[in-house]
Each structure stands twice: as structure tokens, then as C-alpha cells.
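> Can you look at this prediction? I've put the sequence above it.
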Amino acid sequence: MLTDCHQASVLISQASERRLSLTERARLHLHLGVCRACRNFAADLPVLGKAARALAAGLPQSGAEEGAGVEPRPGTKG
Amino acid sequence: MIIADGGHLAWRINDIMGSSREGHPGCSTGKRNYRANGPIQATPAPLAPRREGRTVTGAGPQSHAGTLADPRFLAGIREEMRRFAMHQLRTREEAEDAVQEALVGALKNADSFGGRAALRTWIFAILRNKLADIQRQRQRQHVPTAPEAIDDTLDQGDNPGLFDGRGLWLETQRPSRWDHPEKDLHDRQFLAVFDHCLNRLPPQQGRVFMMREVLELDTDEICAELGLTAGNVHVILHRARLGLRSCLEHNWINQGA
Ligand SMILES: [Zn+2]
């Protein structure tokens, strides 16, 4: 049974929530081998969570409250 | 119950939380049953506190200017929430209640959101979620809905709309290569775009995504908090991730390409 991109994206997302079964991992692996788009989706998925945490840690405001309650992020360069 | 000012916020909230605490069914595995059946109210679940259970207090180790312990910020955001809720509910009282409940819900985890923008996004995700609950409940009771009811209450359709009939990425949705995602995490502009994308998610998706990724709750904890099944939570997270990726794709990754 072939895995399409939609199914692959489901597995990619669920892999952060639970342990995939052996079959699921095999199907995903096969699909990723032939699909660049899903590889990109998989590669970037952890970044979404990191972005949410970075945002939560503090988006610098242009206004007066700059730095309020904000933990400095390591390695902040352009 | 009115939360009037920042000064007494901490104990007022503890008070409220203590008094309205009620048991939760936990994760069922049934497929249906999107929402818990009971009355939809502020239902602060016995969530394990992440950061040593410290709610927002004025005397915390960090400065809380720009957070809910700052009376000015709180007053401002309350007013904004009230206006937002008034558009969707019929009476001022109803709106006031929704705002109140959303604030109480948001406060439980407010200390996980150091940044003002993120805190605001979090609070509004909860408020929008609450309003959607009220609309849903109304529809169930066949009470005529206010004219400008929000339309994203049923955002859990089967096809996320990013794939074609064969389940392949639509041309316009295909994830392209993102060159320096790690570097972008330190980019203020990127985080602003990301914030915008989070705000554009259907309310429940935004809320669940933040519970998962910012509060770092696991599926069971989210289930218990929101009265969803594990399957629901996985579907919602999948939708949220697709939505965020797509929004970033169009507003950041592929910008100028
Ligand atoms: Zn694919």
C-alpha cells in the first residue's frame, strides 16, 4: 500500500506525539525516500515548536516594555 | 467574580481555581465526542504545574511589566477582549463572563509566556476557543445565534485542504526548502510572522498547539484539560502544524522567490 503525502504528513506529525509502529515507520521511510516536499515538511516540523517557544520567551517589542520578563536568547545575531 | 487589579491577582486566581476545580474524564479513546458533554464553563483542570506551580505574582523573580500582573496591561487586554467578545455574543454580561473565564484559563499558564506578544496570542486563542464553545452550545440548543457568529467553530473537517484528490501536496502548498530555520528563530521579524500565523489558526488549533509546544504538555494532559480524545488532539496538532507550515511557506520561506 502506497503512502500519499497527506498520510505521510499525519505520520510525521504523530511521530512527535507517540511512537510509530514498525509498519508506520517503514511506510514513512519509503515515502520520504521519494518525496522531497514531505522531507522538507518533516525537517522543518521541530522548528515550529521552537518558534513557539522562542516567541513565548519574548518577542522584543519596539515600544517601552522591551526586555520585560524576557530571557535573553543565546546567540542573538543577525 | 471580577479580577480587578494586578496586585491581588495571584490570590484571587488561586481562590477561583480552588473553588471551581472539578474532575475531568481524562483521555477516552472513543472516536466521536469532540467535546466533553457537560456544561461548558471555565473548567480549570488539575493540570500539573510546569514551573513549580508559581502563578503570576507581582513579586516573582522576573519583572512582569507587560504581563498580566501589570494592571495597565491587564486592563488594556481586558477591554480588548471585551470588545472582541461583544462582536460575537449578544449581551455585555455574556461577553464579560466569557472574558473572565478565558482570563482565568489563560492565567494558569501565563508564566510560561514571558513575551507580551505571545501572551496576548495565548489569551486570545483561549478566548476565541471559549466563544466557539458558546456558539457551538447555542447551536446545539437551537437558540438563534447572534448575526455575526464566527465561522471557524467547525474547523475539523476531514481534508485539511492542502492536498489534492490523490493525497499529494497541492502545487501551491508543497513545502519548499527552508534555508536557515535555526537562524530565523532569532529573527524578530520572523517571530512576528510566526505570531501572525499562530493568530490565524482556528482557535482550538492555536490553543492546543501552544499547550503542546509551549507548555510542553503531552497528549494525555491536553485531553484531560480540554475534554478531547487522544485522536482528536493528534488531528488538531496535525492541522495546526500544516496550517503553520503553510502560512510560513507563503509569508516567510518562499517570500521573494
Ligand atoms: Zn509526500
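Happy to help now that I have it. What you see is a predicted model; the values in this text were computed from it and never measured.

> which strands and helices sit next to the longest helix seen in chain B?
For chain B, the longest helix by residue count, based on DSSP state H, is helix B:116-141. Helix B:116-141 sits against helix A:36-57, helix B:71-86, helix B:92-107, helix B:188-200, helix B:203-213, with contacts defined as 3 or more CB pairs under 8 Å, 6 or more residues apart in numbering or on different chains; DSSP states H and E. Just so you know, the C-beta spots here come from the backbone N, C-alpha and C atoms, and that holds for glycine as well.

> Residues touching the fourth one, excluding its own?
In other words, helix B:188-200. A:51-52, A:54-55, A:59-60, B:117-118, B:121, B:124-125, B:184-185, B:206, B:209-210, B:243-244, B:247-248, B:251-252 (CB atoms under 8 Å, 6 or more residues apart in numbering or on different chains).

> if we look at the ion, which of the residues you listed are close to it?
Counting by CB under 5 Å from the ion, nothing from the contacts of helix B:188-200 sits close to the ion.

> shaky segments in the stretch 1-150 of chain B?
Along the stretch 1-150 of chain B, segments meeting pLDDT under 70 span B:1-68, B:142-150.

> who in it is up against the ion?
Near the ion, when you scan the stretch 1-150 of chain B using CB under 5 Å from the ion, you find nothing.

> roughly how far apart are the residue most central in space within chain A and residue B:201?
Geometric centre of chain A, nearest residue: residue A:45, 1.8 Å, by CA atoms, centre = their mean. Relative to residue B:201, residue A:45 is positioned 16 Å away (CB to CB, to the nearest Å).

> what do you get for residue B:217?
Distance from residue B:217 to residue B:201, by CB to CB: 17 Å.

> and if you look at residue B:214?
14 Å.

> and what of residue B:85?
19 Å.

> and chain A, which residues reach the ion?
Applying CB under 5 Å from the ion, we find that chain A lies next to the ion at A:5, A:8, A:35, A:38.

> Out of those, flag the one nearest to chain B.
Set against chain B, the nearest of those by CB to the nearest CB is residue A:5 (4.9 Å).

> per-residue confidence at the closest one?
Residue A:5 carries a pLDDT value of 96.

> neighbours of it, just the number please.
24 (other CB atoms under 10 Å in any protein chain shown).

> most neighbours per residue, which of the helices and strands packed on helix B:116-141?
Most buried of the helices and strands packed on helix B:116-141, by mean neighbour count (mean count of other CB atoms under 10 Å in any protein chain shown): helix B:203-213, with a mean of 25.

> Is chain A within reach of that one?
Yes: residues of helix B:203-213 are located near chain A by CB under 8 Å from any CB of the partner chain, namely B:209, B:210, B:212, B:213.

> What is that helix packed up against?
Under the contact definition 3+ CB pairs under 8 Å, 6+ apart, helix B:203-213 sits against helix A:36-57, helix B:116-141, helix B:188-200, helix B:219-226, helix B:230-248.

> Which one of those has the poorest average confidence?
It's helix B:116-141: among the helices and strands packed on helix B:203-213, that one has the lowest mean pLDDT, namely a mean of 83.

> immediately after it, which helix or strand?
helix B:181-184 (DSSP states H and E).

> Kindly export that following helix (C-alpha atoms) in CSV.
In CSV, the C-alpha atoms belonging to helix B:181-184 read as follows (Å, rounded to 0.1, in the frame of the first residue of the first chain):
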residue,chain,number,x,y,z
PRO,B,181,15.3,27.9,10.0
GLU,B,182,17.5,27.8,13.1
LYS,B,183,18.9,31.2,12.3
ASP,B,184,15.4,32.6,11.7
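
> Any chance you could list what contacts that helix?
By CB under 8 Å, 6+ apart, helix B:181-184 touches A:44, A:47, A:50, A:51, B:178, B:190, B:252.

> go again using 7 Å as the cut-off
A:44, A:47, B:190 (CB atoms under 7 Å, 6 or more residues apart in numbering or on different chains).
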